[in-house]
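Colleague: Provide a 3D model corresponding to the input given below.
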Amino acid sequence: MTNDVGSPGNGASRPPSLAVLLTLVVAVALLAGAISGAAVALLYDLDHEPVVQTIAPQPTVPAPAAGFAEDAVSQVTALALPSVVAIVNQFEAQGELEAGVVGGAGVVVDERGFILTNAHLVQIPGELFMLMGNGEVRSGQLVSHDAPFTDIAIVRVEAGGLTAIDIGDSATLQQGQTVVVIGSPDIDYFNSVSTGVVSALGRRKQLGNIWLEDLIQTDAAINVGNSGGPLLNLDGEMVGLNTFRDVGVDDLLFGISFAISSRTFAPIAQEMITSGAFPRPLFGVEFRDLTPQLAEELDVAETQGALVLRVSEGSPAESAGVQAGDVVTLFGEVLLSSQFGLLNALGIIAPDAKIQVEVLRDGEPLTLDVQLEPR
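Modeller: Predicted structure coming up:
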């Protein structure tokens, strides 16, 4: 099974070309007749409002005509389109990562300029450009992201003329319920609308070292470029944040896509907006979650837990005496397994908690006291 999240460096998606970037960031601005040079600069911190030179609006979505929105889907679309944006992240070469461009979608969730999107679109430092629902191009800056715990991020743009989407409760969804998706597939198709149903609720899927929880599965068309866009109910409320699709390995899969539930993203996004970050604990190890197959490959006797590959200098793990080669089997009160790894355990523990960690070292059990720190 392959998960297509549109993330740079994971080999799963095709980032938009530079020509696409120019189309989104330059062509629209030229049509508006207001561009006067390179990308505009954004100055922002949590204590001040952002200051940005903006491009004059150039409407791309016509106003609804008389008799428009006669059915539920078109009504939802008319309500949501002003809040949906396309996001382009243009970044320079960084270490082993080559320079590139990544694009997707985002949703205005606060009229002060806060936009919710996927972390995998914006976590690499670069120039962020937002193509707003009315065709205006604005520069943005990352406020915070929650990777690798969840694929959630908040970006901020200049306030003014923004419409925040209504957030609904994903707990009210039912299997088979109609949902609407808006995004910019392949970035070329700005603010495309697709429909489908809720295929399943409460799904768990593994991405990297973490199991994502409480996912909404849908058969609505979600492609590269839809990441970060809204999953909407027929009341026009955002109940999910579109994140990835399952494309299969030997046999191609179609109509299996996933969104982060509003029950998951809403409190994280609100904390990022309020305080600039969502607190998570720092342990300070590089690790691999063990499975029987991986344990056999690595010639490790244990088949469950997290194999410590490296301990960061000055980290809580080093202070507690954790060593490379240890296998962490119990983290606080959480028994680690292939279905609930170390990152998941970190995700449910307070960022400054003092816990006991059980490890196996050379086959012998050892209990260590760890004072976690906020990362």
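Colleague: Now do the same for the closest residue to residue 359 other than its chain neighbours: its pLDDT.
Modeller: Counting by Cβ to Cβ, 6 or more residues apart in numbering, residue 326 is the residue found nearest to residue 359 once chain neighbours are left out, at 4.1 Å. Any C-beta I mention is one placed from the backbone N, CA and C, and that applies to glycine too. What the model reports as pLDDT for residue 326 is 95.
Colleague: Residue 326 and residue 287, how far apart?
Modeller: 9 Å (Cβ to Cβ, to the nearest Å).
Colleague: what do the two both touch?
Modeller: 307-308 (Cβ atoms under 8 Å, 6 or more residues apart in numbering).
Colleague: just checking, residue 245 is part of a strand?
Modeller: Yes: checked against DSSP: H, G, I helix; E, B strand; the rest coil, residue 245 lies within a strand.
Colleague: List the contacts of the residue nearest to residue 359.
Modeller: 307-308, 359-361, 366.
Colleague: what do you get if the cut-off is 7 Å, keeping everything else the same?
Modeller: 308, 359-361 (Cβ atoms under 7 Å, 6 or more residues apart in numbering).
Colleague: Please pick the buried ones from these.
Modeller: 308, 359-360 (16 or more other Cβ atoms under 10 Å).
Colleague: Now that we're looking at the closest residue to residue 168 other than its chain neighbours, what pLDDT does it have?
Modeller: In this structure, residue 168 finds its nearest non-sequential neighbour in residue 237, 2.9 Å apart by Cβ to Cβ, 6+ apart. Residue 237 is assigned a predicted lDDT (pLDDT) of 96.
Colleague: And for residue 194?
Modeller: Confidence for residue 194, expressed as pLDDT, is 94.
Colleague: Then it would be within a strand, right?
Modeller: Yes: counting by three-state DSSP, residue 194 is located in a strand.
Colleague: what's the distance between the closest residue to it other than its chain neighbours and residue 83?
Modeller: With sequence-adjacent residues excluded and distances taken as Cβ to Cβ, 6+ apart, residue 194 is closest to residue 221, at 3.9 Å. As defined by Cβ to Cβ, residue 221 lies at a distance of 20 Å from residue 83.
Colleague: neighbour-wise, which of the two wins?
Modeller: Legend: neighbour count by other Cβ atoms under 10 Å for residue 221 and residue 83, higher for residue 83 (24 against 18).
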